[in-house]
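# For reference, the sequence and a predicted model appear below.
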Amino acid sequence: LNDKLNGVFKRLKKQVRLDESNITEALKMVRMALLEADVNYKVVKNFIGSVQAKAMGEEVLKSLTPDQVFIKIVHDELVEILGGKDYDEGKIRLNSQPPTVIMMAGLQGSGKTTSSGKLAGLLMKQKRNVLLVAGDIYRPAAIDQLETLGKQLGCDVYSDRDSRDAVKIAKDALEYAKKTAKDVVIIDTAGRLHIDEELMAEIVRTKEAVNPDEILFVADAMTGQDAVNVAKAFNESLEATGIILTKMDGDARGGAALSIKEVTGKPLKFIGTGEKMGEFEAFYPDRMASRILGMGDIVTLVERAQESIEDGDAEDMAEKMAKHGLDFDDMLKQFKMIKKMGSLESIMRMIPGLNNISMGDMDEKQFKKIEAIIFSMTRQERKNAKILNSGRRKRIARGSGTSVADVNRLVNQLNQMNKMMKQMKKKLGGSNKLNPAM
Ligand code: GDP
Ligand code: MG
């Protein structure tokens, strides 16, 4: 999808303005690319229609190239479909009278149990007292799995290994939750390999018994078009309140997200980005839009960079980053830019390949430290981190009033950034995508 769309954008770059003929051509390519990404054809049709209407009316801004305008129209339209700008991302509807009951639904292997744990972890971070309920009684291993997760998270798990009645377990668990003053109850349920009547009946009865505040449909993003049909079926008998899209760490481009949202009309709330408990994020329509476009949040990044930095600076930096990697002077400059733009993490998230790496927020104190370390380096050392042997590191630490560990950390950070730049360059298939002038 990425290559295809880039082809379209490249062609547009040469045009001075968007006109009827080049828009039609570009739209054709976008349509094909979306269909190939497994987006439902009806969704594609509506989408193309609205992009066309917008693109035809749009004047090309003086400072931007036509490809950027077109990308932005496509991007904005995707955001609109995926939830709109004011989308209430990652929110759980909490009942004013606890416990809030959340029920998970979905096919076997979609990631219900894992997501139950992840969601519990997230809510625990918000100081909620959570109960996990092992509602998948058909496989003993499923109970073990949830109990292991519970132990790992330090979260209470309700299970009943002797029971053959999932509905009763849910009801009993709710009673237990009230007695133990839980804020939130997350009910993991059984999934089958395909939708079947029996499973549906059981989950509908569970729903009726515990009256959940949220029914979260868990869908595996890797299954593409199939996920859409399943989501539709589940939603028809269950009325889900939201969707969790798992396995977004794989090759899934997000076509499923677009389709599921359109077909069910339910909000996408979270995405799973790995097997580990922390690999779970609120769903952001704009990030997903960019992912579908196959270029991370580069568009947003460029926009923000342009807003807060003098253009020359941003261009230099991007070009240099892509061509030669970073040195400490760049790092200093970059941190200054980042301070202007917002947190480091929020910037990192927007760059493809970097979105899973957390470097924490930069506060003033940390920044001063980094500044002190870099200022204690010689010109040579700033340009070439490789010459920083242990003697030099000791001197720098002393000079900056920090420790060798601090210096080491900064060196590692620079190496890490360069490594990521390289990966990103590979992903983007060239260096020009980083350049705000594109
Ligand atoms: P369930 O049958 O719906 O309960 O699915 P599980 O929670 O047991 O997950 C099935 C498999 O998918 C397990 O191996 C999980 O580790 C894996 N899994 C779940 N969510 C994610 C995710 O977001 N990313 C990746 N890579 N794997 C996931
Ligand atoms: Mg399970």
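Alright, I've got the coordinates. Ligands and ions are numbered 1, 2, ... in the order given.
# give me the number of residues near Glu208?
Look at Glu208: counted by other CB atoms under 10 Å, it has 10 neighbours. In this view, the C-beta of every residue, glycine as well, is placed from N, C-alpha and C.
# Leu82 now?
Leu82: 23 surrounding residues under other CB under 10 Å.
# Could you find the closest non-adjacent residue to it?
Pro285 (3.8 Å; CB to CB, 6 or more residues apart in numbering).
# On the three-state scheme, the residue of the chain found nearest ligand 2 is what?
Taking CB to the ion as the measure, the point where the chain comes nearest ligand 2 is Thr113, at 3.2 Å. The three-state label given to Thr113 by DSSP: H, G, I helix; E, B strand; the rest coil is helix.
# what's near enough to touch it?
With contact taken as CB atoms under 8 Å, 6 or more residues apart in numbering, Thr113 is in contact with 136, 142, 145-146, 149, 188.
# Out of these, list just those in helices.
Using DSSP state H, 142, 145-146, 149 are the members of the contacts of Thr113 that sit in helices.
# ok, Lys76 - contacts?
You called it Lys, but residue 76 is Asp. Neighbouring residues of Asp76 by CB under 8 Å, 6+ apart: 54, 289.
# Below-threshold pLDDT in the stretch 201-350 of the chain: ranges please.
Along the stretch 201-350 of the chain, segments meeting pLDDT under 70 span 224-225, 250-254, 294-324, 337-350.
# Show me the helices in it, by range?
Using DSSP state H, counting those that start in this stretch, the helices of the stretch 201-350 of the chain run over residues 225-238, 255-264, 285-293, 298-308, 311-324, 328-341, 344-350.
# With only the CA atoms kept, save the second one in CSV.
Okay, so that is helix 255-264. Only the C-alpha atoms of helix 255-264 are listed here, as CSV (Å, rounded to 0.1, in the frame of the first residue of the first chain):
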residue,chain,number,x,y,z
GLY,A,255,-7.3,-1.7,6.6
ALA,A,256,-9.3,-3.8,9.1
ALA,A,257,-9.7,-0.8,11.4
LEU,A,258,-11.2,1.3,8.7
SER,A,259,-13.7,-1.4,7.6
ILE,A,260,-14.7,-2.5,11.1
LYS,A,261,-15.4,1.1,12.1
GLU,A,262,-17.4,1.8,9.0
VAL,A,263,-19.4,-1.5,9.1
THR,A,264,-20.2,-1.6,12.8
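# so which of the contacts of Thr113 also contact ligand 2?
136, 142 (CB under 5 Å from the ion).
# of all the contacts of Thr113, which comes closest to Val43?
The closest of the contacts of Thr113 to Val43 turns out to be Asp188 (CB to CB; 30.2 Å).
# coming back round to it: neighbour-wise, which one of the ones in helices among the contacts of Thr113 leads?
Result: Leu146 is most packed of the ones in helices among the contacts of Thr113 (other CB under 10 Å), 27 neighbours.
# so what's the nearest residue to that residue once chain neighbours are set aside scoring on pLDDT?
Leaving aside its sequence neighbours, Leu146 sits nearest to Ala134 (CB to CB, 6+ apart; 4.7 Å). Note for Ala134: predicted pLDDT of 96.
# No further queries at this time; thank you.
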